[in-house]
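A.B. asks: Model the structure of this input:
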Amino acid sequence: MAGPRSGIAFLYRRAAFGVRPAELDAQVGKGYAASVDAILGASRKTKVRLEPPPNFKPLPTTVPADPVARAEFARRVRDE
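C.D. replies: Sure thing, here's the model as predicted:
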């Protein structure tokens with residue numbers, strides 16, 4: 001059965017970008033739950049600026065069948 005060191009190393013490989021041996025030794029001393037809190041706590045402290053989603057206008061449901069009218073329709077939609 002795998003020990004706590006390999007479990008914590010696996011956690012850092014899967015949930016983060018790995019861990020250095022000295023940092024792994026420190027996390028093994030703190031325990032698995034503290035390692036999870038350390039990984040999640042780092043992401044919670046990071047401030048991320050979220051952009052609002054774009055506001056797209058709905059497209060009309062009918063598109064003209066005539067090629068000239070279709071080109072004019074595409075031009076109007078593109079320019080709006």
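A.B. asks: The nearest residue to residue 5 once chain neighbours are set aside in helix, strand or coil?
C.D. replies: Across the structure, with CB to CB, 6 or more residues apart in numbering as the measure, the residue nearest residue 5 apart from its sequence neighbours is residue 28 (5.0 Å). C-beta: built from backbone N, CA, C; applies to glycine. Secondary structure of residue 28, reduced to three states by DSSP: H, G, I helix; E, B strand; the rest coil: helix.
A.B. asks: Residue 37 and residue 27, how far apart?
C.D. replies: Remark: distance between residue 37 and residue 27 (CB to CB, to the nearest Å) = 10 Å.
A.B. asks: and the residue nearest to residue 4 when sequence neighbours are not counted, how many residues sit next to it?
C.D. replies: Using CB to CB, 6+ apart and skipping the chain neighbours, the partner closest in space to residue 4 is residue 28 (5.7 Å). Around residue 28 there are 18 other residues, counting by other CB atoms under 10 Å.
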